[in-house]
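In: this one's sequence-less:
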């Protein structure tokens, strides 16, 4: 069983930056893929970024490519999402997710078995 706890959200002006953290309790094996998703009010939860625990391969949604960076620290069992050049449309609750066995679609919510409680990110214009 894996538990995920996100932190680092808050209110920031457009053009600013934030770093989200996701601390995982329980054993994270090299087979895991870790992801970040977000959900704005009235919208579906959408993929933001993912990283393989083993080799650190990264994947991004087109909407955040070049602005967001996902990384992981194995020694701390923690995944990060560094966000730069934030826009009002980035406003959402951001969720961390863990996928014990990659079934082929890192961008799908169905891929992930474990989810955090979410952290609010609000970008003002």
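Out: Ah, there it is. Worth saying up front: this structure is predicted, and the values here are computed from it rather than measured.

In: residue 120 against residue 9, yeah?
Out: Yes. Contact criterion CB atoms under 8 Å: residue 120 and residue 9 qualify, at 4.8 Å. Where C-beta positions appear, they are placed from N, C-alpha and C, glycine not excepted.

In: ok, those two, which is more surrounded?
Out: Set residue 120 next to residue 9 and count neighbours by other CB atoms under 10 Å: residue 9 wins out with 18 against 12.

In: from residue 77, how far out is that one?
Out: 20 Å (CB to CB, to the nearest Å).

In: spatially central residue in the protein, please.
Out: The centre of the chain sits closest to residue 36, judged by CA atoms, centre = their mean, with a distance of 2.0 Å.

In: for that residue, grab phi and psi.
Out: For residue 36, the backbone dihedrals (degrees, to the nearest 10) come out as phi -120, psi 130.
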